[in-house]
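# Build the 3D model from these lines:
(2 chains)
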Amino acid sequence: EPEVTQTPSHQVTQMGQEVILRCVPISNHLYFYWYRQILGQKVEFLVSFYNNEISEKSEIFDDQFSVERPDGSNFTLKIRSTKLEDSAMYFCASSGIDGGNQPQHFGDGTRLSIL
Amino acid sequence: GEDVEQSLFLSVREGDSSVINCTYTDSSSTYLYWYKQEPGAGLQLLTYIFSNMDMKQDQRLTVLLNKKDKHLSLRIADTQTGDSAIYFCAESSGRNTPLVFGKGTRLSVIA
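The predicted model follows:
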(Lines give C-alpha, C1' and ligand atoms only; values in the text may rest on other atoms or scores of the structure.)
Protein backbone atom coordinates (compact mmCIF):
# COMPACT_ATOMS: atom_id res chain seq x y z
CA GLU A 1 0.00 0.00 0.00
CA PRO A 2 1.39 3.44 -0.90
CA GLU A 3 2.52 5.50 2.06
CA VAL A 4 3.72 8.95 3.06
CA THR A 5 7.42 9.03 3.92
CA GLN A 6 9.15 11.62 6.06
CA THR A 7 12.82 12.39 6.61
CA PRO A 8 14.66 12.63 8.87
CA SER A 9 12.99 10.63 11.61
CA HIS A 10 14.77 12.74 14.23
CA GLN A 11 16.32 16.18 13.85
CA VAL A 12 18.31 17.93 16.56
CA THR A 13 19.00 21.63 15.96
CA GLN A 14 20.38 24.57 17.87
CA MET A 15 17.93 27.35 18.70
CA GLY A 16 17.98 30.05 16.04
CA GLN A 17 18.99 27.69 13.26
CA GLU A 18 16.92 26.97 10.19
CA VAL A 19 15.50 23.50 9.74
CA ILE A 20 13.84 21.80 6.77
CA LEU A 21 11.59 18.81 7.24
CA ARG A 22 10.93 16.68 4.19
CA CYS A 23 7.99 14.62 3.07
CA VAL A 24 7.15 12.52 0.05
CA PRO A 25 3.34 12.32 -0.19
CA ILE A 26 1.45 9.48 -1.83
CA SER A 27 2.07 9.88 -5.54
CA ASN A 28 -1.46 10.53 -6.86
CA HIS A 29 -2.48 12.77 -3.98
CA LEU A 30 -2.96 16.47 -4.56
CA TYR A 31 -3.58 17.91 -1.07
CA PHE A 32 -0.69 18.08 1.37
CA TYR A 33 -0.65 18.97 5.06
CA TRP A 34 1.64 19.56 8.00
CA TYR A 35 0.60 18.93 11.60
CA ARG A 36 2.57 19.00 14.78
CA GLN A 37 2.25 17.36 18.18
CA ILE A 38 3.99 18.88 21.15
CA LEU A 39 4.72 16.21 23.76
CA GLY A 40 1.61 15.44 25.76
CA GLN A 41 -0.63 17.71 23.69
CA LYS A 42 -3.03 17.32 20.79
CA VAL A 43 -2.05 16.92 17.16
CA GLU A 44 -2.47 20.45 15.73
CA PHE A 45 -2.98 21.53 12.14
CA LEU A 46 -0.34 23.85 10.70
CA VAL A 47 -0.96 24.26 6.99
CA SER A 48 -2.53 22.71 3.91
CA PHE A 49 -1.26 23.04 0.35
CA TYR A 50 -2.99 22.52 -2.98
CA ASN A 51 -2.22 23.50 -6.54
CA ASN A 52 1.14 24.97 -5.53
CA GLU A 53 -0.20 27.33 -2.95
CA ILE A 54 -1.29 27.39 0.68
CA SER A 55 -5.01 26.65 0.94
CA GLU A 56 -5.37 27.04 4.72
CA LYS A 57 -3.11 27.79 7.64
CA SER A 58 -3.51 27.98 11.39
CA GLU A 59 -2.44 30.70 13.82
CA ILE A 60 0.62 28.61 14.63
CA PHE A 61 1.88 28.94 11.05
CA ASP A 62 3.46 32.36 11.37
CA ASP A 63 6.18 34.07 9.33
CA GLN A 64 8.81 31.69 10.70
CA PHE A 65 7.22 28.83 8.79
CA SER A 66 7.08 28.20 5.06
CA VAL A 67 6.17 25.28 2.82
CA GLU A 68 7.31 24.37 -0.63
CA ARG A 69 6.84 21.70 -3.24
CA PRO A 70 10.20 22.04 -4.97
CA ASP A 71 9.62 19.21 -7.44
CA GLY A 72 6.95 16.68 -8.37
CA SER A 73 7.47 14.49 -5.33
CA ASN A 74 8.75 16.37 -2.27
CA PHE A 75 6.84 18.62 0.12
CA THR A 76 8.90 20.53 2.67
CA LEU A 77 8.32 22.52 5.85
CA LYS A 78 10.93 25.11 6.71
CA ILE A 79 11.28 26.79 10.08
CA ARG A 80 13.44 29.85 9.60
CA SER A 81 14.78 30.54 13.08
CA THR A 82 13.87 27.76 15.47
CA LYS A 83 12.72 28.38 19.04
CA LEU A 84 12.67 25.99 21.97
CA GLU A 85 8.88 25.78 21.71
CA ASP A 86 9.17 24.41 18.16
CA SER A 87 10.28 21.11 19.67
CA ALA A 88 7.58 18.65 18.64
CA MET A 89 6.71 15.74 16.39
CA TYR A 90 5.88 17.03 12.92
CA PHE A 91 3.57 14.96 10.76
CA CYS A 92 3.07 15.26 7.03
CA ALA A 93 -0.17 14.02 5.46
CA SER A 94 -1.67 13.83 2.00
CA SER A 95 -5.09 13.19 0.49
CA GLY A 96 -6.58 12.80 -2.97
CA ILE A 97 -9.62 14.31 -4.64
CA ASP A 98 -11.02 11.45 -6.71
CA GLY A 99 -14.64 11.91 -5.64
CA GLY A 100 -16.11 11.04 -2.26
CA ASN A 101 -14.08 11.63 0.85
CA GLN A 102 -10.39 11.07 0.59
CA PRO A 103 -9.06 10.66 4.12
CA GLN A 104 -5.67 12.00 5.03
CA HIS A 105 -2.83 9.51 5.25
CA PHE A 106 0.04 10.35 7.58
CA GLY A 107 3.75 9.70 7.62
CA ASP A 108 5.64 8.40 10.65
CA GLY A 109 6.67 11.92 11.63
CA THR A 110 9.89 13.81 12.28
CA ARG A 111 10.80 14.40 15.89
CA LEU A 112 12.32 17.89 16.08
CA SER A 113 14.39 18.68 19.16
CA ILE A 114 15.58 22.27 19.65
CA LEU A 115 18.50 22.75 22.03
CA GLY B 1 -13.39 26.90 18.10
CA GLU B 2 -13.90 23.25 17.43
CA ASP B 3 -12.94 20.82 20.15
CA VAL B 4 -12.65 17.05 20.35
CA GLU B 5 -12.48 15.31 23.70
CA GLN B 6 -11.52 11.76 24.62
CA SER B 7 -10.78 9.93 27.82
CA LEU B 8 -7.05 9.46 28.18
CA PHE B 9 -6.74 5.82 29.26
CA LEU B 10 -8.54 2.52 28.79
CA SER B 11 -7.43 -0.88 30.02
CA VAL B 12 -9.06 -4.13 28.88
CA ARG B 13 -8.35 -7.85 29.08
CA GLU B 14 -7.33 -9.73 25.96
CA GLY B 15 -10.39 -11.15 24.22
CA ASP B 16 -12.79 -8.57 25.67
CA SER B 17 -14.32 -5.73 23.66
CA SER B 18 -12.88 -2.23 23.93
CA VAL B 19 -15.02 0.87 23.55
CA ILE B 20 -13.27 4.19 23.04
CA ASN B 21 -15.45 7.27 23.25
CA CYS B 22 -15.13 10.72 21.75
CA THR B 23 -17.22 13.89 21.85
CA TYR B 24 -16.93 16.84 19.52
CA THR B 25 -18.39 20.33 19.49
CA ASP B 26 -18.50 21.34 15.82
CA SER B 27 -22.03 20.81 14.52
CA SER B 28 -20.74 21.19 10.95
CA SER B 29 -18.46 18.18 11.30
CA THR B 30 -18.90 16.17 8.16
CA TYR B 31 -16.40 13.37 8.57
CA LEU B 32 -15.20 11.69 11.74
CA TYR B 33 -12.10 9.55 11.89
CA TRP B 34 -10.25 7.10 14.04
CA TYR B 35 -6.48 6.93 13.80
CA LYS B 36 -4.15 4.53 15.63
CA GLN B 37 -0.63 5.37 16.77
CA GLU B 38 1.72 2.62 17.87
CA PRO B 39 4.89 3.52 19.78
CA GLY B 40 7.38 5.35 17.57
CA ALA B 41 5.07 5.23 14.56
CA GLY B 42 2.85 7.65 12.70
CA LEU B 43 -0.92 7.99 12.59
CA GLN B 44 -2.53 5.03 10.88
CA LEU B 45 -6.03 5.60 9.51
CA LEU B 46 -8.32 2.92 10.94
CA THR B 47 -11.72 3.98 9.73
CA TYR B 48 -13.95 6.98 9.18
CA ILE B 49 -17.64 7.72 9.03
CA PHE B 50 -19.67 10.31 7.16
CA SER B 51 -22.04 12.33 9.31
CA ASN B 52 -25.16 10.99 7.61
CA MET B 53 -24.34 7.48 8.84
CA ASP B 54 -25.08 6.04 12.28
CA MET B 55 -22.83 3.03 12.14
CA LYS B 56 -19.99 1.55 10.18
CA GLN B 57 -18.51 -1.89 10.64
CA ASP B 58 -15.15 -3.07 9.35
CA GLN B 59 -14.08 -6.52 10.55
CA ARG B 60 -13.41 -6.16 14.31
CA LEU B 61 -14.08 -2.43 14.30
CA THR B 62 -17.50 -0.84 14.78
CA VAL B 63 -17.98 2.92 14.71
CA LEU B 64 -21.14 4.41 16.19
CA LEU B 65 -22.13 8.02 15.62
CA ASN B 66 -24.75 9.87 17.62
CA LYS B 67 -24.96 13.15 15.76
CA LYS B 68 -27.53 14.64 18.12
CA ASP B 69 -25.21 14.19 21.10
CA LYS B 70 -22.06 14.74 19.01
CA HIS B 71 -20.71 11.45 20.30
CA LEU B 72 -18.53 8.99 18.41
CA SER B 73 -17.35 5.61 19.62
CA LEU B 74 -14.98 2.94 18.37
CA ARG B 75 -15.61 -0.63 19.44
CA ILE B 76 -12.84 -3.18 18.96
CA ALA B 77 -14.14 -6.74 19.26
CA ASP B 78 -11.91 -9.53 20.63
CA THR B 79 -9.18 -7.09 21.62
CA GLN B 80 -5.65 -8.40 21.15
CA THR B 81 -2.33 -7.33 22.67
CA GLY B 82 -1.42 -5.94 19.24
CA ASP B 83 -4.25 -3.45 19.62
CA SER B 84 -2.36 -1.69 22.41
CA ALA B 85 -1.78 1.82 21.07
CA ILE B 86 -3.06 5.38 21.26
CA TYR B 87 -6.34 5.93 19.41
CA PHE B 88 -7.12 9.41 18.11
CA CYS B 89 -10.56 10.69 17.24
CA ALA B 90 -10.59 13.48 14.63
CA GLU B 91 -13.19 15.49 12.76
CA SER B 92 -13.27 17.64 9.66
CA SER B 93 -15.89 19.95 8.23
CA GLY B 94 -15.44 18.85 4.62
CA ARG B 95 -13.32 17.04 2.09
CA ASN B 96 -9.63 17.77 2.22
CA THR B 97 -10.02 20.18 5.13
CA PRO B 98 -7.89 20.32 8.29
CA LEU B 99 -8.46 17.66 10.90
CA VAL B 100 -9.17 18.57 14.50
CA PHE B 101 -7.86 15.88 16.81
CA GLY B 102 -8.62 14.74 20.31
CA LYS B 103 -5.77 14.11 22.74
CA GLY B 104 -5.88 10.39 22.14
CA THR B 105 -6.89 7.41 24.29
CA ARG B 106 -4.14 5.07 25.36
CA LEU B 107 -5.48 1.51 25.15
CA SER B 108 -3.66 -1.08 27.21
CA VAL B 109 -4.52 -4.72 26.62
CA ILE B 110 -3.74 -7.09 29.47
CA ALA B 111 -2.95 -10.67 28.53
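
# use CA for all of it now, contacts and neighbours both
Noted.

# Centre-most residue in chain A?
A:W34 (3.0 Å; Cα atoms, centre = their mean).

# State the pLDDT value of that residue.
At A:W34, the model reports a pLDDT of 98.

# Next, the contact list for it, please.
Neighbour list for A:W34: A:F45, A:L46, A:V47, A:S48, A:L77, A:Y90, A:F91, A:C92, A:A93 [criterion: Cα atoms under 8 Å, 6 or more residues apart in numbering or on different chains].

# what subset of these is also close to chain B?
Filtering these for proximity to chain B by Cα under 8 Å from any Cα of the partner chain leaves A:F45, A:S48, A:F91.

# Quick check: bridge partners of the closest residue to the second one other than its chain neighbours?
Nearest in space to A:S48, with sequence neighbours left out and distances taken as Cα to Cα, 6 or more residues apart in numbering or on different chains, is A:Y33 at 4.3 Å. Judged by DSSP bridges, the bridge partners of A:Y33 are A:S48, A:A93.

# Surely A:Y33 and A:F49 touch.
Yes. Counting by Cα atoms under 8 Å, A:Y33 does reach A:F49; the two are 6.2 Å apart.

# Look at the two and report which has more neighbours.
More crowded of A:Y33 and A:F49, by other Cα atoms under 10 Å in any protein chain shown: A:Y33, with 32 against 20.
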